[in-house]
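Asks: Give me a 3D structure for the following:
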Amino acid sequence: MVRVWHSRRMYKEVNKLTLLRLGSFAIVLLSLCPVFHGQNVCSAQDDSFYESYLLQRMMVARIREFRGDATAKSLLSDLVEEATSTGMKLPRWVHGNPKAVGLKYPRAHKRPKLRKYDAFVLEASQQYGLPTALIKAVIHAESAFMNDAISTKGAQGLMQLMPETAAELGVVDSFDSRANVLGGSKLLKKHLKEFGSLKKALIAYNAGPEWVRRGKGIPRETRKYIGNVIRYYHIYKR
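Replies: So this is what the prediction gives:
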């Protein structure tokens, strides 16, 4: 009987000790909750910045891959894996094969299907005071309305913005059709204001503003480009 009583007493003491320990542990956890919560809020605020950072790095890797950089494919693969692990929604161009624009221009009489971009073109036209026919003509000459086009020089999207130019214009993703059209139209309007004529503005858009500022003349490629833009303009103006 004594042994049984002693065992029961020990059992009660152990239970009390266990409960005290559990209670202390619970208090510690509760005291740390605000800290964990603060970390979650902070990480949520950083998500958009980090996703933008990953997106820019993937864009650079994609351009390097297109230019023939042997290490770019592996880098892009690592970046995609990292972005996927964060739950980031990947743009279509990450997995697809971007279409090279190069120096090839579609024939003027072939009018591509572009109704899905009409709203963006109209918005850019109203915002920058440019004819919709002119914006469409530039898009046609630059990319043939391929929103994932990348030129051999690294220009991207519908209006073929170079990465550094896109950054200056505030365009985060050049493969975002709306952002690209608004950015390209803003650039075209800027050149029109600076140089005062459509011809010079198109030279600046295609060959760079320094060609116009230094009076270098017109590169042969740009002559062909201007001719195509004018032809397309008259088509879309109808």
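
Asks: only C-alpha atoms for contact and neighbour calcs from this point on.
Replies: Fine.

Asks: any idea of the pLDDT on Ser151?
Replies: pLDDT, Ser151: 87.

Asks: what does Arg57 give?
Replies: So, for Arg57, pLDDT stands at 75.

Asks: quick one: it from His140, how far?
Replies: 28 Å (CA to CA, to the nearest Å).

Asks: Please say which of these two ends up with more neighbours.
Replies: Each of Arg57 and His140 has its neighbours counted (other CA atoms under 10 Å); His140 has more, 25 against 14.

Asks: Low-confidence ranges, the chain, go.
Replies: 1-49, 53, 66-70, 95-114 (pLDDT under 70).

Asks: ranges for the helices of it?
Replies: Assigned helices in the chain, in chain order: 2-66, 72-85, 118-128, 132-143, 163-169, 177-195, 198-207, 209-213, 220-237 (criterion: DSSP state H).

Asks: and the second one, which residues are buried?
Replies: Residues 72-73, 75-76, 79-80, 83 are the ones in helix 72-85 that count as buried (16 or more other CA atoms under 10 Å).

Asks: nearest to Ser151, of the residues you listed?
Replies: Ala72 (16.7 Å; CA to CA).

Asks: Pull the contacting residues for the closest one.
Replies: Listed by CA atoms under 8 Å, 6 or more residues apart in numbering, the contact set of Ala72 reads 61-62, 64-65.

Asks: Restricted to buried residues, select these in ChimeraX.
Replies: Typed into ChimeraX, the next command selects the buried ones out of those (criterion: 16+ other CA under 10 Å):
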select :61,62,64,65
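
Asks: Between the contacts of Ala72, which sits nearest Met159?
Replies: Using CA to CA, the contacts of Ala72 come closest to Met159 at Arg62, 17.8 Å.

Asks: what residues are up against the closest one?
Replies: 72-73, 76, 94.

Asks: One more: Ala124?
Replies: Counting by CA under 8 Å, 6+ apart, Ala124 has contacts 130, 181-182, 185-186.

Asks: Need the contacts of Ala72 in JSON lines (columns: distance to Met88).
Replies: Formatted as JSON lines, these follow (distance: CA to CA, whole Å):
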{"residue": "Ala61", "distance to Met88": "17"}
{"residue": "Arg62", "distance to Met88": "17"}
{"residue": "Arg64", "distance to Met88": "22"}
{"residue": "Glu65", "distance to Met88": "22"}
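
Asks: just the contacts of Ala72 now: which is nearest Pro209?
Replies: Using CA to CA, these come closest to Pro209 at Arg64, 24.8 Å.

Asks: Now do that closest one against Leu75, distance only.
Replies: Arg64 is 10 Å from Leu75, by CA to CA.

Asks: overlap in contacts of these two?
Replies: Counting by CA under 8 Å, 6+ apart, nothing touches both Arg64 and Leu75.

Asks: quick one, domains of this protein?
Replies: 2-94, 115-237 (automatic domain parsing).

Asks: mind checking how far Ala207 is from Met58?
Replies: Distance from Ala207 to Met58, by CA to CA: 26 Å.

Asks: ugh, typo on my part, it should be Val171
Replies: For Val171 relative to Met58 (CA to CA), the value is 15 Å.

Asks: So which of the two has more stuff around it?
Replies: Met58 (24 against 21).

Asks: residues in contact with the closest residue to the more buried one other than its chain neighbours?
Replies: Excluding its sequence neighbours, the residue lying closest to Met58 (CA to CA, 6 or more residues apart in numbering) is Leu76, at 5.8 Å. Under the criterion of CA under 8 Å, 6+ apart, the neighbours of Leu76 are 58, 61-62.
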